[in-house]
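K.L.:
need a structure here:
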Amino acid sequence: MRRRMLVLVTGWLVGSLAWSASAAQGPSLAAAPTPAAQLVGSWKLDRAKTKDGQDVWKRRLDAMRAAQIAEPADAAGMFALHTGHAPYTGDWQLKSAMRDLLEIAERLSFRFSDESVTITDDLNRALTFATTGTKEKRQLSATQFNARTRFSGGALTQLVTSDELALTEVYLPSEDGTEMLVSITVDKPDFKPPLKDIMRVYTRSGGSH
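P.N.:
Below you'll find the model as predicted:
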């Protein structure tokens, strides 16, 4: 997973580095803005650039449920689900958590204080997280989850867990602050074959930072 994330971030930064190099040729080079300064404000989903197979994980869970019904308990289904614990039968709870935590927001906004960030979606649901990496319990729709939020490099990173579900979410602004890449890796459960990273692209809306 770490290798996939490194490739993802490296590819996204190629364009940013090119922009930075051209800017450096100007008469003066301003100090680089902080990640918070790059993320603050409102963002709108760019569906033309977004690759988000919401139906993929739903089909995987449906296939898993069908395999459990059709095969003996010790048989391996076509899409096996591995959690590292006892056989997991609460697939409806997992599906509900994935629906709530992987729902696509058409709009996102970020507001920062010294050690926290408030993220608001298009349904005006606002959640505030400490950016110190502290473990915090929050709720979105019907799903309770734990989150650890911190800045890592030029991105805001969240580790999200809810029972048998674990996600890594990365909010990475482009160098010029006009676009934001949101990448989501499903760390757990371990689907076979594995789910590809979810990638969403947002463009800045509502004027400047």
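
K.L.:
flag the shaky bits of this protein, pLDDT-wise.
P.N.:
Applying pLDDT under 70 to the chain flags the ranges 1-31, 52-90, 207-209.

K.L.:
strands of that one, residue ranges please.
P.N.:
41-45, 81-82, 107-113, 116-121, 126-130, 136-140, 143-152, 155-162, 165-173, 179-188, 190-191, 198-205 (DSSP state E).

K.L.:
so which of these comes closest to Asp100?
P.N.:
For these, proximity to Asp100 was assessed by C-beta to C-beta; strand 143-152 is nearest, at 4.0 Å. Backbone N, C-alpha and C define where each C-beta goes, glycine included.

K.L.:
packing partners of the closest one?
P.N.:
The contact analysis (3 or more C-beta pairs under 8 Å, 6 or more residues apart in numbering; DSSP states H and E) places strand 143-152 against helix 91-102, strand 126-130, strand 136-140, strand 155-162.

K.L.:
so for Arg200, which of the ones you listed sits nearest?
P.N.:
The nearest among those, by C-beta to C-beta, is helix 91-102 at 10.3 Å.

K.L.:
list the buried residues in the closest one.
P.N.:
Judged by neighbour count (16 or more other C-beta atoms under 10 Å), helix 91-102 contains these buried residues: 91, 93-102.

K.L.:
from those, which single one is nearest Leu45?
P.N.:
Once C-beta to C-beta is applied, the member of the buried residues of helix 91-102 that ends up nearest Leu45 is Leu102, at 13.8 Å.

K.L.:
now distance to Pro35 and mean neighbour count too, for the strands of the chain, in TSV please.
P.N.:
Below are those laid out as TSV (distance: least, C-beta to C-beta, whole Å; neighbours: other C-beta atoms under 10 Å):
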stretch	distance to Pro35	mean neighbour count
strand 41-45	13	18
strand 81-82	34	18
strand 107-113	9	17
strand 116-121	10	16
strand 126-130	14	15
strand 136-140	19	13
strand 143-152	5	17
strand 155-162	6	20
strand 165-173	7	21
strand 179-188	11	20
strand 190-191	30	16
strand 198-205	14	18
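
K.L.:
export the ones you listed as CSV, with columns for distance to Ala32.
P.N.:
CSV is the format used below for the strands of the chain (distance: least, C-beta to C-beta, whole Å):
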stretch, distance to Ala32
strand 41-45, 18
strand 81-82, 42
strand 107-113, 17
strand 116-121, 19
strand 126-130, 24
strand 136-140, 29
strand 143-152, 13
strand 155-162, 14
strand 165-173, 11
strand 179-188, 16
strand 190-191, 38
strand 198-205, 17
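
K.L.:
ok, Gln144 to Gln93 distance?
P.N.:
Distance of Gln144 to Gln93, given as C-beta to C-beta, to the nearest Å: 11 Å.

K.L.:
nearest to Glu175, out of the helices and strands packed on strand 143-152?
P.N.:
The nearest among the helices and strands packed on strand 143-152, by C-beta to C-beta, is strand 155-162 at 12.2 Å.

K.L.:
quick one, the closest one and strand 136-140 angle?
P.N.:
Angle of strand 155-162 versus strand 136-140, following axes from the mean of the first three to the mean of the last three C-alpha atoms, to 10 degrees, is 80 degrees.

K.L.:
understood, closing this out.
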